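> how would this look folded up:
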Amino acid sequence: MAKREELEVTVLSREEVTTFPKIATPVVNVLVTYVGAGLPPHTVTIPKDKWTQAEERRLIREDLERRLKARPETYKV
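Numbers count the residues shown, from 1 in each chain. Predicted coordinates:
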């Protein structure tokens, strides 16, 4: 298996946000906003009880790979 190229990112912020998907049942998520690989800033969401730096890095890597595969649409108006 080939080693994946390392991508450098800058974490701009980590914010805890509480939502209520069910009434009276709070869920706390960590919103991690990052920038890297020549792309605009983007945010990944991690449940607070599952947040680790390793999980954050894994989710950012997956997000970057998905975004780098996408091709922008160009047209004239």
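> what ranges do the strands span in the protein?
Under the criterion DSSP state E, strands of the chain are mapped to 9-22, 25-36, 39-47.
> so residue 44 touches residue 60, yeah?
Yes: counting by Cβ atoms under 8 Å, residue 44 does reach residue 60; the two are 5.9 Å apart. Heads up, the C-betas are built off the backbone N, CA and C, glycines and all.
> Which neighbours do the two have in common?
32, 34 (Cβ atoms under 8 Å, 6 or more residues apart in numbering).
> one step back: which one of the strands of the chain is the most hemmed in?
Among these, strand 25-36 has the highest mean neighbour count (mean count of other Cβ atoms under 10 Å), at a mean of 15.
> Give me the contact list for it.
Residues contacting strand 25-36 (Cβ under 8 Å, 6+ apart): 7-21, 41-49, 51, 56, 59-60, 64.
> shaky segments in this structure?
Scanning the chain for pLDDT under 70 picks out 1-3.
> Go again with 50.
For the chain, the stretches with pLDDT under 50 are 1.
> Which strand residues bridge the residue nearest the centre of it?
Centroid-nearest residue in the chain: residue 44, 2.6 Å away (criterion: Cα atoms, centre = their mean). When bridges are called by DSSP bridges, residue 44 pairs up with residue 32.
> ok so, going back, can I get the strands of the chain in TSV including distance to residue 71?
TSV is the format used below for these (distance: least, Cβ to Cβ, whole Å):
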stretch	distance to residue 71
strand 9-22	21
strand 25-36	19
strand 39-47	13
